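S.K.: Turn this into a model:
(one chain, ligands or ions: 2)
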Amino acid sequence: MLLSAYGWTPDLSDLLTPVPGRVVRVDRGRCEAVTPDGLLSAATDPAQPVVTGDWVALATAEHGPYVRQIAPRRTLLQRSSASRRAEAQLLAANVDTVLIAVSLAVEPDLARVERFLALAWESGAAPVVVLTKADAAPDAEYIQGDVTRVAPEVPVLAVSAERGTGLDALRERVRGGTSVLLGQSGAGKSTLVNMLTGRQAMVVRAIGADGKGRHTTTTRELLPLPGGGVLIDTPGLRGVGLHDQAAGLHRVFAEIETLAAECRFADCRHTAEPGCAVLAAVDDGLLPVRRLESYRKLGRENARAAARAEHRDREQTRKAVLRLEGRW
Ligand SMILES: Nc1nc2c(ncn2[C@@H]2O[C@H](COP(=O)(O)OP(=O)(O)OP(=O)(O)O)[C@@H](O)[C@H]2O)c(=O)[nH]1
Ligand SMILES: [Zn+2]
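M.R.: Ligands and ions are numbered 1, 2, ... in the order given. A predicted model of the protein is given here:
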């Protein structure tokens, strides 16, 4: 069945009737989904936004196919989730592995790596750091050490597309599941996508409104992998940074949070307070200053993003009240 190439698991069959599909592209009010018969364009309900990677139940009404139901998401990658009421930007659903590409050819932006890790943990998926361009790095071990320290408990793989090294280990990590690739521009993401997909896009049949096949096409944003599994590569994911993944941050800076629990004051800001266990660890050379600065910076960004989200919420409430009173 065509869907098995797109990550289908048998438990989905009860859930998704009459026609199951996996969303490969979303575009203003509509989505494209791979179904057992081919690619289908379907209308979506604005109150229930779908995202690439969603499993959906499709049905047909007078005006054509539509998404009847979205299966519960195992994981969800999104931006801005600090305020529960503010709208988050959905990036991808049902992702198992978040690959974070970091180039070994340049000084790595460790703060950026921490942001990507926070986003990954927050989603429920497991991060894997992929150090790219291993052939172009004379001091690869140093960089690898630095990255490993900011990514405790996370597998760190070194690969070279140029020499073809490390790719088998990477293929093993993405086999069977759904993966996404994050990383700065120039980190080597496109090169990795090409290596992993074997450069051959999957060709599927596009189904017209009359239910008949029209032409064949490829699904560029959700790519089946030769060894099983899929890779999601959407423009939204390419430009992702970090807004307010509070829960993810705690996990990335777990060692600082553990130290903070030993501070004399419960609301210690770890700047100049007496009895601060975090500053003591810095003094003792146990905690790199850079890491503490990164923690502070991301914490501030989090607070700002949460404040913005709350402001948006208040504005919406205010406008809704004015509208009710007929004044807006
Ligand atoms: N030496 C070396 N160069 C590499 C390797 N992988 C990629 N590159 C080069 O690094 C550059 C950037 O690679 P891309 O794959 O385009 O990077 P990207 O992350 O997709 O960049 P954006 O499209 O801007 O997001 C290209 O010139 C590649 O040829 C590698 O393993 N070794
Ligand atoms: Zn402290």
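S.K.: State the next helix or strand along the chain beyond the lengthiest strand in the chain.
M.R.: Counting residues, the longest strand found in the chain (DSSP state E) is strand 19-27. Counting by DSSP states H and E, the next helix or strand C-terminal to strand 19-27 is strand 30-35.
S.K.: so the helix or strand that that following strand is followed by versus strand 30-35, what angle?
M.R.: Once strand 30-35 ends, the next helix or strand along the chain (criterion: DSSP H and E) is strand 38-43. Angle, strand 38-43 to strand 30-35, by axes from the mean of the first three to the mean of the last three C-alpha atoms, to 10 degrees: 150 degrees.
S.K.: Show me which parts of strand 38-43 are buried, residue by residue.
M.R.: 38-42 (16 or more other C-beta atoms under 10 Å). In short, each C-beta sits where N, CA and C put it, glycine included.
S.K.: quick one: the longest strand of the chain to strand 38-43, angle?
M.R.: Between strand 19-27 and strand 38-43, the angle comes out at 60 degrees (the same axes, to 10 degrees).
S.K.: Tell me the strands beside strand 19-27, with direction?
M.R.: Strand 19-27 has the following sheet partners, assigned by DSSP bridges: strand 30-35 (antiparallel), strand 55-61 (antiparallel).
S.K.: Send me the last one as CSV with only the CA atoms.
M.R.: Written as CSV, here are the backbone C-alpha positions of strand 55-61 (Å, rounded to 0.1, in the frame of the first residue of the first chain):
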residue,chain,number,x,y,z
TRP,A,55,-2.9,11.6,9.8
VAL,A,56,-6.4,12.5,8.7
ALA,A,57,-9.7,10.9,7.8
LEU,A,58,-11.0,12.2,4.4
ALA,A,59,-14.6,12.2,3.2
THR,A,60,-16.3,13.6,0.1
ALA,A,61,-19.1,16.1,0.2
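S.K.: Distance from the chain centre to that strand, please.
M.R.: When distances are taken as C-alpha atoms, centre = their mean, to the nearest Å, strand 55-61 is centred 25 Å away from the chain's centroid.
S.K.: got any ranges where the stretch 101-250 of the chain has weak pLDDT?
M.R.: For the stretch 101-250 of the chain, the stretches flagged by pLDDT under 70 are 199-202, 239-250.
S.K.: and the stretch 201-328 of the chain, which residues reach ligand 1?
M.R.: Arg238 (C-beta under 6 Å from any ligand atom).
S.K.: And the strands in the stretch 201-328 of the chain, which stretches?
M.R.: For the stretch 201-328 of the chain, the strands defined by DSSP state E, counting those that start in this stretch occupy 203-207, 213-218, 222-224, 230-232.
S.K.: Could you look over those strands and pick the most buried one?
M.R.: Across the strands of the stretch 201-328 of the chain, averaging neighbours per residue (mean count of other C-beta atoms under 10 Å) puts strand 230-232 on top, at a mean of 24.
S.K.: For that one, name the packing helices and strands.
M.R.: Helices and strands touching strand 230-232, by 3 or more C-beta pairs under 8 Å, 6 or more residues apart in numbering; DSSP states H and E, are strand 178-183, helix 189-197, strand 222-224.
S.K.: which residues touch Val159?
M.R.: When contacts are counted by C-beta atoms under 8 Å, 6 or more residues apart in numbering, Val159 touches 130-132, 134, 165-167, 169-170, 192.
S.K.: Let's have the residues you listed in TSV, adding secondary structure, distance to ligand 1 and neighbour count.
M.R.: Shown next, in TSV, are the contacts of Val159 (DSSP: H, G, I helix; E, B strand; the rest coil; distance: C-beta to the nearest ligand atom, whole Å; neighbours: other C-beta atoms under 10 Å):
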residue	secondary structure	distance to ligand 1	neighbour count
Val130	strand	11	25
Leu131	strand	10	26
Thr132	strand	5	26
Ala134	helix	7	21
Thr165	strand	9	13
Gly166	coil	9	17
Leu167	helix	10	16
Ala169	helix	14	14
Leu170	helix	12	20
Leu192	helix	7	22
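S.K.: filter these by proximity to ligand 2?
M.R.: The subset of these within reach of ligand 2, counting by C-beta under 5 Å from the ion, is empty.
S.K.: Pick out whichever of the residues you listed sits closest to Val150.
M.R.: Leu131 (12.6 Å; C-beta to C-beta).
S.K.: closest one to Ala158 among the strands of the stretch 201-328 of the chain?
M.R.: strand 230-232 (19.6 Å).
S.K.: who touches the residue nearest in space to the middle of the chain in this structure?
M.R.: Residue closest to the mean C-alpha point of the chain, counted by C-alpha atoms, centre = their mean, is Leu77 at 4.2 Å. By C-beta under 8 Å, 6+ apart, the residues touching Leu77 are 90-93, 95, 98, 119-120, 123, 125, 180, 237.
S.K.: okay if I get those as a markdown table plus neighbour count and secondary structure?
M.R.: Listed next are the contacts of Leu77 as a markdown table, based on neighbours: other C-beta atoms under 10 Å; DSSP: H, G, I helix; E, B strand; the rest coil:
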| residue | neighbour count | secondary structure |
| --- | --- | --- |
| Leu90 | 19 | strand |
| Leu91 | 23 | strand |
| Ala92 | 29 | strand |
| Ala93 | 25 | strand |
| Val95 | 27 | coil |
| Val98 | 26 | strand |
| Leu119 | 28 | helix |
| Ala120 | 28 | helix |
| Ser123 | 24 | helix |
| Ala125 | 23 | coil |
| Val180 | 26 | strand |
| Leu237 | 21 | helix |
